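Enquirer: sequence first, predicted model second:
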Amino acid sequence: MSDLGKGQEPASRGPNCWQCRHFAITHIPSSPYACRSMGFQSRLIPSLEVLRVDGQFCRLFSPKEAPNKA
C-alpha cells in the first residue's frame, strides 16, 4: 500500500508549525499565529502562509526540544 516507514511523513507534506520552536500564539484575533524566526504574524499557520506566498515549504523549521523530566 505505502512505501513509507513507520513515523515518516509523505514528502509532499511540509513542516508542522505546532512542533516547531519558532511557532507562537499571539492572542490577536486578526493574526493569531506567528513565526518568531521569520518575524511575521498571520491568520494562517505560518508554514501554510510561507507555502502560499513563496510556493515552497518553510526551510526554518526547528523541532522543539523534549521537556526535561525531573
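Expert: Okay, I see it. Numbers count the residues shown, from 1 in each chain.
Enquirer: looks to me like Ala34 is in a strand.
Expert: Yes - with DSSP: H, G, I helix; E, B strand; the rest coil as the criterion, Ala34 is part of a strand.
Enquirer: tell me if I'm right that it and Ser42 touch.
Expert: Yes - under the criterion of CB atoms under 8 Å, Ala34 makes contact with Ser42 at 7.3 Å. In short, each C-beta sits where N, CA and C put it, glycine included.
Enquirer: residue ranges with poor pLDDT in this structure?
Expert: By pLDDT under 70, the low-scoring segments of the chain are 1-12, 70.
Enquirer: helices of that one, start to end?
Expert: According to DSSP state H, the chain carries its helices in the segments 46-54.
Enquirer: can you give me the distance of the residue most central in space within it to Asn68?
Expert: Nearest to the mean C-alpha position of the chain, counting by CA atoms, centre = their mean, stands Cys17 at 2.0 Å. According to CB to CB, to the nearest Å, Cys17 and Asn68 sit 23 Å apart.
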